[in-house]
Structure formats: C-alpha cells, structure tokens
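Undergrad: dropping the sequence and predicted coords here.
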Amino acid sequence: MGYHLRKVAFYLAALWAAVTLNFVIPRLLPGNPVDILMAKLQQRGGSVDPAARQAYETLLGTGGRESFAQEYLAYLGSLLRGDLGVSVSAFPAKVSDVIGASLPWTVVLVGLATLISFALGIGLGALVGWKRGTWLDSLVPATTMLAAVPYFWLALILVALLSSGLGWFPLNGGYDVVLDPGWSPEFLGSALYHGILPALTIVVSSVGGWLLGMRNMMVSAMSEDYVLTARAKGLTGSRVMIRYAARNAVLPSVAGFAISLGFVVSGSIVTEQVFSYPGIGSKLLQAVQNNDYALMQGIFLVITVAVLGANLVVDLLYGLIDARTRDRSTVS
C-alpha cells in the first residue's frame with residue numbers, strides 16, 4: 001500500500017508542476033490574445049472602447065489589472081470548477097467545446113494507428129528475432145529507414161502517389177463536406193475512408209521502432225535458461241517462441257505502448273496539417289498562431305493528464321506484476 005501511495009503522491013506533485021508550467025509558458029510568448037481579438041472585431045466593423053477591452057481581458061483572464069499571482073490563483077480555481085475558459089481563435093466558443101469537437105478525431109485516428117503499428121511491429125519483431133540470421137533481418141533496416149523519414153515528407157509522398165497519382169484516397173479533410181456529421185453509415189464510411197491515408201502515414205513511420213525493440217528483446221530472451229529448458233523438453237518451436245520467448249520479451253514494449261497511448265491525445269500535428277485533418281493537433285497549432293492562451297492551456301492540460309495517467313497505470317501494474325519493483329522501492 002505504501003508503494004502505491006508514494007506513486008500517487010509523486011504523480012499528483014508532477015501534475016501540479018505541469019499545471020503551473022502550463023499557466024506560465026503561454027504567457028512568455030510574444031503578443032497578447034486580447035489584441036488579436038480586438039483586431040478581429042475591428043475587421044468585422046465592430047467598435048472597441050476601453051471598457052470593452054477591459055471586459056475581454058477579464059473574460060480571457062490575461063493582460064488585465066490583476067497581478068500574475070492573482071491570475072494564477074484564478075486559473076487554478078477555474079480548473080477546479082472545470083472551466084477552461086473561452087477560446088480566442090474560435091471566439092466565443094468555450095475551450096471545452098473546441099477540444100471536445102476535435103479530440104475524438106485524433107483519438108480514433110492516432111489511437112487506431114498506434115494500436116495497429118504496435119501489433120504489427122511486435123508480431124514482425126518476434127518473428128524476425130526468432131528467425132535471426134535469415135532474410136527476415138532485412139526488415140529491420142527497411143522499417144528503420146522509414147521511421148527516420150520525416151512525417152511531412154512521407155505524408156507528402158503518400159499524397160502524391162496514392163491521392164494525386166492513383167486517386168485511391170481523398171487529398172485532405174476528415175469527411176465529405178456534403179455530409180452532416182453524425183452516426184449515419186454514410187458519414188462513418190466517409191470518415192473511415194478519409195482517415196486511411198493519415199493512419200497509413202503514422203503506421204509506416206512508427207512500426208520500425210516497435211519491430212527493432214521487439215527483435216532485440218527476442219534475441220536476448222532466446223539465450224535465457226527458461227527458453228533453453230523449454231527446448232530441451234521437446235516443445236514445438238512455435239510454442240517456445242510464443243509462450244516463453246515472446247511472452248517475456250514483449251514486457252518492455254508493453255510499457256512503452258502504454259506510455260505512447262498517453263500521447264495519443266496530442267495527435268500528430270504535422271500529419272493533421274498535411275491532410276487538413278480536424279484533429280487536436282491542428283487546433284493546437286491554431287492556438288499558438290493566435291496566442292490563444294486558454295486553448296493552449298486546455299490542450300496541454302489534456303495531454304498532461306493523459307501522459308501522467310498512462311505512466312501511473314504502468315507503474316502500478318509493474319508493482320503488481322513484478323514484486324521486485326515494490327521491494328526495491330521499499331529498500332530505498
């Protein structure tokens with residue numbers, strides 16, 4: 001119980017530190033979101049007077065007459081109430097509404113792509129490690145080279161070949177604009193069709209890392225005594241590979257996969273920009289370009305909670321699976 005309490009206390013402290021940085025860092029950027037909002041209002045023909053500016057400063061929680069410490073305390077109070085503020089770039093929409101509209105797109109796209117690349121990389125890595133020294137080893141440099149290719153370059157190549165050249169997939173967007181978003185079969189089919197190419201980009205660029213890691217762990221596991229004992233018992237090669245070697249070699253990759261799931265909510269900014277995909281990454285870039293403090297803070301907060309939550313789950317699971325982890329923590 002002491003092990004779990006220490007872990008929870010550590011991650012609560014890490015969450016407070018992340019929330020504090022989340023408040024401070026956007027305010028170090030040049031520019032003022034209120035000035036950007038005032039410029040937008042003037043472009044629409046609206047009038048701006050000092051009273052209106054002060055009202056918007058109060059609404060956005062920045063640049064007003066309050067001190068930095070007062071703004072920080074007000075920010076913490078708003079978080080406890082679940083109020084993430086109002087977005088400047090999507091004014092007058094609330095930050096929670098903007099994130100709620102874009103987050104499902106990213107979670108589905110990046111989440112499924114991460115799951116597919118993990119399963120494919122682990123499966124191929126186990127096979128390559130088991131058959132080391134054969135032609136299958138050529139998969140390692142090939143997939144590693146693809147992993148080294150920049151996201152945007154790979155995405156542009158796939159767009160040029162599969163969209164512009166062959167016409168198999170749409171060039172951009174998350175769905176056919178003539179359809180109304182909803183749960184209709186037409187819309188879901190359109191969203192799936194538009195998401196294939198962005199997902200393929202993520203899978204192709206990330207499968208190499210999982211394959212290389214699993215392959216190296218398989219090679220190491222195959223020299224362990226329990227694998228040699230299983231072979232001496234006369235067990236079939238497939239059973240030794242799956243039940244003994246791969247089962248133990250996959251543990252570090254599972255931990256890495258759990259952590260990578262925390263980063264799913266951050267999306268892939270470059271991929272979403274290339275394909276004009278309506279995910280959280282494009283909203284984050286939009287917030288940075290418009291000095292949208294509230295939206296930046298809201299997105300960073302979601303990412304932080306997801307990453308810390310994934311790390312906490314991994315730590316707690318490792319404490320349950322491997323008693324040596326708890327023992328080392330107790331001794332230290």
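TA: Received the coordinates, thanks.
Undergrad: ok, now which ones touch residue 173?
TA: 194, 275, 276, 277, 278 (Cβ atoms under 8 Å, 6 or more residues apart in numbering). The way it works is simple: take the backbone N, C-alpha and C, and place the C-beta from them, glycine included.
Undergrad: surely residue 245 is in a strand?
TA: No. Secondary structure of residue 245 (DSSP: H, G, I helix; E, B strand; the rest coil): helix, not part of a strand.
Undergrad: how about it: what's its closest non-neighbour residue?
TA: residue 221 (4.6 Å; Cβ to Cβ, 6 or more residues apart in numbering).
Undergrad: what is the burial count for that neighbour?
TA: Residue 221 has 22 neighbouring residues, counting by other Cβ atoms under 10 Å.
Undergrad: please apply the same query to residue 302.
TA: 18.
Undergrad: just residue 165 next, same as before
TA: For residue 165, using other Cβ under 10 Å, the count is 9.
Undergrad: could you report the pLDDT at it?
TA: At residue 165, the predicted lDDT confidence score is 81.
Undergrad: for residue 309, same thing?
TA: 82.
Undergrad: how much space between it and residue 283?
TA: 21 Å (Cβ to Cβ, to the nearest Å).
Undergrad: more crowded one of these two?
TA: residue 283 (29 against 15).
Undergrad: excluding covalently adjacent residues, which one is nearest to the more buried one?
TA: According to Cβ to Cβ, 6+ apart, the nearest residue to residue 283 is residue 102 (4.9 Å).
Undergrad: quick check, that neighbour in contact with residue 282.
TA: Yes. Counting by Cβ atoms under 8 Å, residue 282 is a contact partner of residue 102 at 7.3 Å.
Undergrad: which of the helices or strands spans residue 257?
TA: helix 251-262 (DSSP states H and E).
Undergrad: pull out the buried positions in that helix.
TA: 253, 255, 257, 258, 260, 261, 262 (16 or more other Cβ atoms under 10 Å).
Undergrad: which strands and helices lie in contact with the helix or strand following that helix?
TA: Downstream of helix 251-262, the next assigned helix or strand under DSSP H and E is helix 269-274. Counting contacts by 3 or more Cβ pairs under 8 Å, 6 or more residues apart in numbering; DSSP states H and E, helix 269-274 is packed against helix 151-158, helix 185-221, helix 280-289.
Undergrad: what about the nearest residue to residue 149 once chain neighbours are set aside, how many neighbours?
TA: Leaving out its chain neighbours, the residue that sits closest to residue 149 by Cβ to Cβ, 6+ apart is residue 205, at 6.5 Å. Residue 205 has 23 neighbouring residues, counting by other Cβ under 10 Å.
Undergrad: likewise residue 28?
TA: Other residues close to residue 28 by other Cβ under 10 Å number 6.
Undergrad: any idea how far residue 241 is from it?
TA: 52 Å.
Undergrad: neighbours of residue 7, how many?
TA: 17.
Undergrad: now do the helices in the stretch 1-150 of the chain.
TA: 2-27, 33-43, 50-60, 68-80, 95-130, 139-148 (DSSP state H, counting those that start in this stretch).
Undergrad: check which helices and strands the fifth one sits against.
TA: In terms of contacts (3+ Cβ pairs under 8 Å, 6+ apart), helix 95-130 is packed against helix 139-148, helix 185-221, helix 251-262, helix 280-289, helix 293-321.
Undergrad: closest one to residue 169 among these?
TA: helix 185-221 (4.4 Å; Cβ to Cβ).
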